[in-house]
Every structure is written in C-alpha cells, then in structure tokens.
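Peer 1: structure, please.
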Amino acid sequence: MKLNVNGESHQFDGDPAMPILWFVRDMLGFTGTKFGCGMALCGACTVHVDGAAVRACTTPVSFAENKRITTIEGLAKGDELHPLQKAWQQHNVPQCGYCQSGQIMQAAALLAKNASPADDEIVSAMSGNICRCGTYTRIHAAIKTAAEELS
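Peer 2: Sure, this is the predicted structure:
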C-alpha cells in the first residue's frame, strides 16, 4: 500500500494491521511521535491523518492508505515553525517534553478546524492528552497565543 507521510510517498508491504506509530517511528525514523500507553488513552502518539488527530498507537496503517499522515516533524513548513511550536517555546511549555508532540498535534487539529477557540473548546479538545508534568496552564496559554497569530 502507498502511504504519504509528511508529504513524501512511501510503499508499505507489511501487515496492514500494524499501528501507524510503529511505521512512522521504526520504519521511517520519525521518532518525535511517542509511545505512551498503547491504548489510545494518553495522546502521546497523536498524529494527523488527512488533518484529523488520531492515536497512532492503535490506528492501523491500512486506515491511512491513500491519505496524508503528518507527524510532528512535518508540522513546520521548512525552517518556519508552526505557530503552535513558536508558542510552545514562548510559554516554556515542556518540562520533561515526552507528551508534547502529541499535545501540539492535538492542538494543531483543533486550530485547523477552529482558529479562534473559546477556553472551554480548548479544554474539551485537549482533554484526552495527558501531561504527567501538569503543564496544562502553559499548554492552554500557548494554544491561545497560536490562535491569535493564526487569526
């Protein structure tokens, strides 16, 4: 099957039930997407498939056939960081950083649908992404900053 990851076409001849996570990490080397719980509960593995946030640890590669997969490595446009990536730096969001690629990808899917979300919409959209360090206040502030830049 053909899979498009970060704008590049890749041939995949393996098990169609393989999770996207293992394909992008182990076969393509895009290690920004993290393994957290393996049950789609924590959000560390969040990627986009045709712009929608999905949990790569449980979503099979067959789901993404002839669709666009975007990992954290593909979010920036060349050397130009995505507004969320800039805001994450501005607000010093990460502590350990492990969950942050999933947090950013979830937030990017939100802002792609709603460039000016209300506070409750941010909380709702981000509720499935867990940060063990508890940086939720800074995550929220960074999303608001990126939304301002995008609107």
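Peer 1: residue 142: what's it in contact with?
Peer 2: 84, 87-88, 90-91, 93, 107 (Cβ atoms under 8 Å, 6 or more residues apart in numbering). (Each C-beta comes from the backbone N, C-alpha and C, glycine too.)
Peer 1: I'd like those residues as a markdown table, with distance to residue 33, secondary structure and neighbour count appended.
Peer 2: Below are those laid out as a markdown table (distance: Cβ to Cβ, whole Å; DSSP: H, G, I helix; E, B strand; the rest coil; neighbours: other Cβ atoms under 10 Å):
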| residue | distance to residue 33 | secondary structure | neighbour count |
| --- | --- | --- | --- |
| 84 | 16 | helix | 27 |
| 87 | 20 | helix | 24 |
| 88 | 16 | helix | 25 |
| 90 | 23 | helix | 13 |
| 91 | 22 | coil | 19 |
| 93 | 17 | coil | 24 |
| 107 | 15 | helix | 28 |
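Peer 1: as TSV, these with pLDDT and distance to residue 76 would be great.
Peer 2: As requested, the contacts of residue 142 are exported to TSV (pLDDT from 0 to 100; distance: Cβ to Cβ, whole Å):
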residue	pLDDT	distance to residue 76
84	97	10
87	98	13
88	97	12
90	97	15
91	97	18
93	97	16
107	98	14
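Peer 1: nearest to residue 144 among those?
Peer 2: residue 87 (8.2 Å; Cβ to Cβ).
Peer 1: thanks a lot, catch you later.
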